[in-house]
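Visitor: Curious how this folds, go ahead:
(chains A, B and C)
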Amino acid sequence: MTACLLYVTAASHEEALSLGRALVEARLAACANVLDGMRSVYRWQGELREDQEVVLILKTRADLADAATSRLCELHSYECPCVVRLPIEGGNPGFLAWIAAETDSVTTD
Amino acid sequence: MTACLLYVTAASHEEALSLGRALVEARLAACANVLDGMRSVYRWQGELREDQEVVLILKTRADLADAATSRLCELHSYECPCVVRLPIEGGNPGFLAWIAAETDSVTTD
Amino acid sequence: MTACLLYVTAASHEEALSLGRALVEARLAACANVLDGMRSVYRWQGELREDQEVVLILKTRADLADAATSRLCELHSYECPCVVRLPIEGGNPGFLAWIAAETDSVTTD
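Guide: Here you go, the predicted model:
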């Protein structure tokens, strides 16, 4: 099983938690880590803008990443949310097995 | 277009924001995410040291990573700043396209 | 030298710092970055659970990652800690050389 990490930004702590719960509930991710107090800088309609956001990190199987990304996009308050996928190339074998077990039977209701 | 994530540490919130603004302004990055309150542990001249730092995460094109890294090193207050590049292997197609569009015409003034 | 980043979660700031110090002391990592105030969501014995945790990010050589992961698992308060390894594919050449120099002579006492 190959695992990966999804790096997501959300508008608030509540949104990040709710997205994390939804993905773990549906077994599209094994766990979610929410880091508050992120300041983002980006260009919007030609102007540099800054916002307060929250980082959401999800650990899941690589072969579930597309389904997890689609679910995040459906649930997210942004029209085009930041969801980027970073490869996991190793780690604690027990934890990687736990990721596999926790995402074994995806529920898509 | 292949994207990547640059993980940088800065001395302060102000430095991280100023680096983020400079890279986004120059279209060397599509966006910057600043996370405060990081505690770092490292060895300096044989002694273990700890400092308060700030994490700066930049999302850009893989083929701009070297130019973005050079610009960060020029602007950074450290002599040898932490800039490490993590591969992005997928994610929300719309967001990845946005990264490409936002870094399309690098300004090097 | 190929470098990598280990993403770890710990139960407290003290635990994350102590793990970071131990790995840097033993030259199993060049540096450790601790980010507080992380909220995790996961399933435990069939129930969704949430905990306050701390993120620990370690930068080291790829060929030391397994040894570093084993040491983390020995020292960690959890039975099966999250240690996942993300590939570093480039960055500031000076900083990558610093990672190599700092992890050159691993002490395993």
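Visitor: Please work out the average pLDDT along the strand or helix carrying residue A:34.
Guide: If you go by DSSP states H and E, residue A:34 is part of strand A:31-44. Strand A:31-44 shows an average pLDDT of 97 in the prediction.
Visitor: Parallel or antiparallel, list what pairs with the helix or strand following it.
Guide: On the C-terminal side of strand A:31-44, the nearest following helix or strand under DSSP H and E is strand A:47-61. Strand pairing for strand A:47-61, determined by DSSP bridges: strand A:3-10 (antiparallel), strand A:31-44 (antiparallel).
Visitor: how distant is strand A:47-61 from the center of its chain?
Guide: On the basis of Cα atoms, centre = their mean, to the nearest Å, strand A:47-61 sits 9 Å off its chain's mean C-alpha point.
Visitor: What would it look like as CSV? C-alpha coordinates only.
Guide: The C-alpha coordinates for strand A:47-61 follow below in CSV (Å, rounded to 0.1, in the frame of the first residue of the first chain):
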residue,chain,number,x,y,z
GLU,A,47,-4.1,42.5,-6.4
LEU,A,48,-1.9,40.9,-3.6
ARG,A,49,-4.2,39.7,-0.8
GLU,A,50,-3.8,38.2,2.6
ASP,A,51,-6.2,36.1,4.6
GLN,A,52,-6.3,34.1,7.8
GLU,A,53,-6.7,30.4,7.0
VAL,A,54,-6.2,27.0,8.6
VAL,A,55,-4.0,24.1,7.4
LEU,A,56,-5.6,20.7,7.2
ILE,A,57,-3.3,17.7,6.6
LEU,A,58,-4.9,14.3,5.7
LYS,A,59,-3.1,10.9,5.6
THR,A,60,-4.6,8.4,3.2
ARG,A,61,-3.9,5.7,0.6
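Visitor: tell me the mean pLDDT for that strand?
Guide: pLDDT averaged over strand A:47-61 gives 97.
Visitor: For that strand, could you pull out the residues that count as buried?
Guide: Of the residues in strand A:47-61, A:53, A:54, A:55, A:56, A:57, A:58, A:59, A:60, A:61 count as buried by neighbour count, 16 or more other Cβ atoms under 10 Å in any protein chain shown. To be clear about C-beta, it is placed using only N, CA and C from the backbone, and glycine gets the same treatment.
Visitor: Next, residue A:45: phi, psi?
Guide: When read as degrees, to the nearest 10, the backbone of residue A:45 gives phi 50, psi 50.
Visitor: out of the strands paired with strand A:47-61, which comes closest to residue C:82?
Guide: Nearest to residue C:82, of all these, is strand A:31-44, at 7.5 Å by Cβ to Cβ.
Visitor: For stretch A:12-32, give me every contacting residue.
Guide: With Cβ atoms under 8 Å, 6 or more residues apart in numbering or on different chains as the test, stretch A:12-32 has contacts from A:6, A:8, A:10, A:33-34, A:36, A:54-60, A:64, A:67-68, A:71-72, A:75-77, A:98-99, A:102-109, C:39-43, C:48, C:50, C:82.
Visitor: of these, buried ones?
Guide: Buried positions within the contacts of stretch A:12-32, assessed by neighbour count (16+ other Cβ under 10 Å), are A:6, A:8, A:10, A:33-34, A:36, A:54-60, A:64, A:67-68, A:71-72, A:76, A:98-99, A:102-103, C:39-42, C:82.
Visitor: Do I have it right that residue A:80 meets residue B:96?
Guide: No: using Cβ atoms under 8 Å, residue A:80 is not in contact with residue B:96; the gap is 10.0 Å.
Visitor: still on that earlier bit, now the strand holding residue A:34 - C-alpha only, CSV.
Guide: Only the C-alpha atoms of strand A:31-44 are listed here, as CSV (Å, rounded to 0.1, in the frame of the first residue of the first chain):
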residue,chain,number,x,y,z
CYS,A,31,-6.6,10.8,10.1
ALA,A,32,-6.7,14.6,9.8
ASN,A,33,-4.4,17.1,11.5
VAL,A,34,-5.6,20.7,11.8
LEU,A,35,-3.1,23.6,12.3
ASP,A,36,-4.6,27.0,13.1
GLY,A,37,-3.4,30.5,12.6
MET,A,38,-2.1,30.3,9.1
ARG,A,39,-1.6,33.6,7.2
SER,A,40,-1.9,33.2,3.4
VAL,A,41,-0.6,35.5,0.7
TYR,A,42,-1.8,35.3,-2.9
ARG,A,43,-2.9,37.3,-5.9
TRP,A,44,-6.6,37.8,-6.6
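Visitor: and residue A:79, which of the three is it?
Guide: Residue A:79 carries the three-state label coil when classified by DSSP: H, G, I helix; E, B strand; the rest coil.
Visitor: So in chain A, which helix runs the longest?
Guide: Among the segments of chain A that qualify as a helix by DSSP state H, the longest is helix A:13-25.
Visitor: Pull out the buried positions in that one.
Guide: So, applying 16+ other Cβ under 10 Å, buried residues of helix A:13-25: A:15, A:16, A:17, A:18, A:19, A:20, A:22, A:23, A:24.
Visitor: about what we covered before: angle of the strand holding residue A:34 against helix A:13-25?
Guide: With axes from the mean of the first three to the mean of the last three Cα atoms, to 10 degrees defining the directions, strand A:31-44 sits at 130 degrees from helix A:13-25.
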